[in-house]
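Asks: Build me a model from this:
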Amino acid sequence: MIQKILRPNVSRDDFLKTAVNTNRKVLTVFSVFSALVEIVNLIMLCSVSGINTYENRVSFLIYFSICIISAFFIIFDNRVNIDDKKRNLFYNIYMAFLILAQTLFNVYNIYSFDTGFAITIVTNIMAFSAMFIMRPAYALANITLNYIVFIAYVQAVFMTHWLINLTIGFLFCLAVYFLRYSHTCFEIVRKREIDNMNSEIASEKHLFALTREQFELISRSGRFISFEWDVKSGDINFTKEWEEIFNEPVYIKNFDNYIENSKLLDEKQKSEIIKCMENVRNNVKYQKHEFLIPTKSGKRKWFEVQIATQTNQNGEAEYGIGLMFDIMGQKEKIVRLEQRVKMDSFTGTFNKTAIERYGAGMLEKLGLNERLVMLILDMDNFKSVNDSFGHPCGDYALKKAAEIMLNIFPENAKVGRLGGDEFMVLFVASEISQVMLMHNYSVNVIHSINKILWHNKRLNLSCSVGMAVASQGETYNALYKKADSALYMAKKLGKGRVYWNSVNGV
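Replies: Take a look at the predicted model:
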C-alpha cells in the first residue's frame, strides 16, 4: 500500500504538467492576496504606530519584503518564458521560501510578544500540504525542516504537552499531504485513461468513416462478405460472395422486413440481427457478433460479423458498414481442442474431470420426471491379468472394455474413465423403463467383457457394476456415494454382477 502511494503508476511528464498548472493558480492567487494584505499592513503601520520602535521596524521590513517578493513572483511568472521543468523548480523554491518565512515569522512573534501563535504554524503547514501538488520527497523535506526549525526555537518556552500536540499536528499535516498526493495521482491516471479512450474512439471513427470508393476497394480485397446498410431507407447492399454462399440477392430492400419474414432463421437469430440494426440506429460505433446461419446447401455455418456505424455531418447514424467472416473452421478447431481436453486418450472415453462435470451439470438441469442413472464399473482382480499376461495384454483389455461399453450403452449415454480399471457411465432417463434398460445393458457389458480374447485365448475377465439413480434436487456427491456403495455390494456378493438397490434407487 505504501509503495503504491509513494510510487504510483503515473508518468513523470503527466505529474509535472498537473503540478505546474495547479501550483501556478494557487501561487498567483496567494501572491496577489499577500501583496494586497502587506500593502494594507504597511499603510496601517506607518499611519498608526510608526516605525520608531525596534519591533515596528522589523514588522515593516517583513511586510515590505513579502510585498516585494510577491510582486516579483507575479511579474516573473507572467513575463519569463521557461519550460515546465524549470518553472516547477521555480515554484518549489518559492513555496519553500514562503513556508519557511511563515515559520520564522511565527517564532519571532512568540519570542517578541509572548503570544500563543503556535496554531498558526500548523495552519500554514496544513495549507502547504493540502493546496500544492509536489513529490513526496520534496513535501516531506519541507514539512520536516519547518518542524525542526520551529521546535528548536520554541521548545524552551512551550510546555511538553504543547510540543506533543504540535507534533501531532505536523503528523496530521503529513497524512493530509499523502491523501492529497494519492488522490492527485489517481486523477492523473483516470484522465490519461479517458484521453486514451477518446483517442481510440476518434481513431476508430476516422477508420470507419469510409467513402463509397473506399468501401468498394475493401470489398474486393479479401474473401469475405462486406455490406452497406442504409439506415434511412433500410436497404442493404452485399458483395457477390453473399449470393454465392447464401443464394440470396446482393441488394435487398427493407432489410428489417426481410429478416422478420425469413424462413431460414429462427426467432433467436432474428432477434439478435434486429438488435444489431437497432444498435446502428442508436449510433453504437462498433459491434462484433457471431451468428450460426444456414447456407444455401442447408448446412449451418458460423460467421463473425463486424459492424461500424458511419455518421453524417450532424453525428447521426447514416450507414452500417460491415464485414462477415466464415469462422466455421475456427469453431470446429475449438470444438476438437475442447474434445481432446475432455477425453481419456488411452480408452477414447471421457476423462475423470469431464465425466464428473457432466454429471454435476446434468443433475442441475434435470426435469421433474427425469432421472440420472450412474453406473460405476470396476474390473475384478485385474492385477492378475497384468501379472499373468503382461501389461500389453492389460492395456488391450481396458481398451476393449471401453469399446464394448461405447457400443452397448445408448448413444446418449456418456462413458468416462475414472482411473486405472474403473469406469463410469451416466445416462438421463425420462422414464422408469429406461432405467431398467440401463440395468440390462450393464449385464450385457459384463458378459461381453468376459469374452475378450488375447491372441485367440479367452481371458475370462470379470467386472462388477454398482448402479444408482438420482432425481431432481439431489447432489452429485450423494449420487456417487450411492453408486460406490452399490459397487461395494456387487463385489461383496461375489463379483461379476450388477448391484442396484431398486427399492431406494428410483
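
Asks: in the stretch 101-250 of the chain, which spans are strands?
Replies: All strands of the stretch 101-250 of the chain, identified by DSSP state E, counting those that start in this stretch, fall at 225-230, 236-238.

Asks: right, and the ones you listed - which one's nearest residue 475?
Replies: Closest approach to residue 475 among those (Cβ to Cβ): strand 225-230, 48.3 Å. Every residue, glycine included, has its C-beta placed from N, CA and C.

Asks: distance of the residue nearest to the spatial centre of the chain from residue 351?
Replies: Residue closest to the mean C-alpha point of the chain, counted by Cα atoms, centre = their mean, is residue 193 at 15.1 Å. Going from residue 193 to residue 351 by Cβ to Cβ, to the nearest Å gives 43 Å.

Asks: ok, back up a step: can I get the strands of the stretch 101-250 of the chain in JSON lines with distance to residue 474, mean neighbour count and mean pLDDT?
Replies: JSON lines is the format used below for the strands of the stretch 101-250 of the chain (distance: least, Cβ to Cβ, whole Å; neighbours: other Cβ atoms under 10 Å; pLDDT from 0 to 100):
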{"stretch": "strand 225-230", "distance to residue 474": "49", "mean neighbour count": "20", "mean pLDDT": "91"}
{"stretch": "strand 236-238", "distance to residue 474": "52", "mean neighbour count": "21", "mean pLDDT": "92"}
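
Asks: Out of these, which is closest to residue 23?
Replies: Set against residue 23 and scored by Cβ to Cβ, those come closest in strand 225-230, at 53.0 Å.

Asks: Buried residues in the host helix or strand of residue 372, which are they?
Replies: According to DSSP states H and E, residue 372 maps onto strand 371-379. Using 16 or more other Cβ atoms under 10 Å as the test for burial, strand 371-379 gives 371-379.

Asks: how many neighbours does residue 309 have?
Replies: A total of 25 residues lie near residue 309 under the criterion other Cβ atoms under 10 Å.

Asks: Can you name the element that comes right after the strand holding residue 372?
Replies: helix 383-389.

Asks: what's the angle from the helix or strand following that next one to strand 371-379?
Replies: Next along the chain after helix 383-389, taking DSSP H and E as the criterion, comes helix 391-408. On the basis of axes from the mean of the first three to the mean of the last three Cα atoms, to 10 degrees, helix 391-408 is oriented at 160 degrees to strand 371-379.

Asks: on contacts alone, who are the packing partners of helix 391-408?
Replies: Counting contacts by 3 or more Cβ pairs under 8 Å, 6 or more residues apart in numbering; DSSP states H and E, helix 391-408 is packed against strand 349-350, strand 371-379, helix 383-389, strand 414-419, strand 422-429, helix 432-450, strand 453-454.

Asks: mind listing what's buried in the next helix or strand along the chain from the first one?
Replies: To tie it back to what came earlier, the one meant is strand 349-350. Sequence order places helix 352-365 as the next helix or strand after strand 349-350, per DSSP H and E. Neighbour-count burial for helix 352-365, counted by 16+ other Cβ under 10 Å, picks out 354-356, 358-359, 362-363.

Asks: Now do helix 352-365 and strand 414-419, the angle between them.
Replies: Using the same axes, to 10 degrees: helix 352-365 against strand 414-419 is 130 degrees.

Asks: Who are the packing partners of helix 352-365?
Replies: helix 328-342, strand 371-379, strand 414-419, strand 422-429, helix 476-492.

Asks: one step back: what strands flank the strand holding residue 372, and is each parallel or antiparallel?
Replies: Here strand 371-379 is paired, per DSSP bridges, with strand 422-429 (antiparallel), strand 463-470 (antiparallel).

Asks: coming back round to it: just the helices and strands packed on helix 352-365: most buried one?
Replies: Among those, ranked by average contacts under mean count of other Cβ atoms under 10 Å, first place goes to strand 371-379 (a mean of 24).

Asks: tell me the angle that strand makes with helix 476-492.
Replies: Calculated by the same axes, to 10 degrees, strand 371-379 forms an angle of 40 degrees with helix 476-492.

Asks: For strand 371-379, give the mean pLDDT please.
Replies: If you average the pLDDT over strand 371-379, you get 95.

Asks: could you point out where the stretch 151-300 of the chain is predicted with low confidence?
Replies: For the stretch 151-300 of the chain, applying pLDDT under 70 flags the ranges 156-159, 161-162, 198, 200-223.

Asks: Likewise for the stretch 401-506 of the chain?
Replies: For the stretch 401-506 of the chain, the stretches flagged by pLDDT under 70 are 502-506.

Asks: returning to that earlier point: mind putting the strands paired with strand 371-379 in a markdown table, distance to residue 68 included?
Replies: Below are these laid out as a markdown table (distance: least, Cβ to Cβ, whole Å):
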| stretch | distance to residue 68 |
| --- | --- |
| strand 422-429 | 91 |
| strand 463-470 | 91 |
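
Asks: for residue 16, phi and psi?
Replies: Backbone torsions for residue 16, taken as degrees, to the nearest 10, come to phi -60, psi -40.

Asks: measure it to residue 25 for me?
Replies: Distance, residue 16 to residue 25, by Cβ to Cβ: 16 Å.

Asks: neighbour count winner among these two?
Replies: For residue 16 versus residue 25, neighbours defined as other Cβ under 10 Å are more numerous around residue 16 (17 against 11).

Asks: That one and residue 138, how far apart?
Replies: 12 Å.

Asks: Average pLDDT for stretch 25-44, rounded please.
Replies: Stretch 25-44 carries an average pLDDT of 85.

Asks: C-alpha coordinates for it, CSV please?
Replies: What follows is stretch 25-44, C-alpha atoms only, in CSV (Å, rounded to 0.1, in the frame of the first residue of the first chain):
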residue,chain,number,x,y,z
LYS,A,25,-3.0,29.1,-10.0
VAL,A,26,-2.6,28.7,-6.2
LEU,A,27,0.6,30.7,-6.0
THR,A,28,-0.8,33.5,-8.2
VAL,A,29,-3.8,33.9,-6.0
PHE,A,30,-1.7,33.7,-2.9
SER,A,31,0.9,36.3,-4.2
VAL,A,32,-1.8,38.8,-5.2
PHE,A,33,-3.6,38.4,-1.9
SER,A,34,-0.3,38.6,0.1
ALA,A,35,0.8,41.8,-1.8
LEU,A,36,-2.5,43.5,-1.1
VAL,A,37,-2.6,42.4,2.5
GLU,A,38,1.0,43.6,3.1
ILE,A,39,0.3,46.9,1.5
VAL,A,40,-2.6,47.4,3.9
ASN,A,41,-0.3,46.4,6.8
LEU,A,42,2.4,48.8,5.7
ILE,A,43,-0.1,51.7,5.5
MET,A,44,-1.6,50.9,8.8
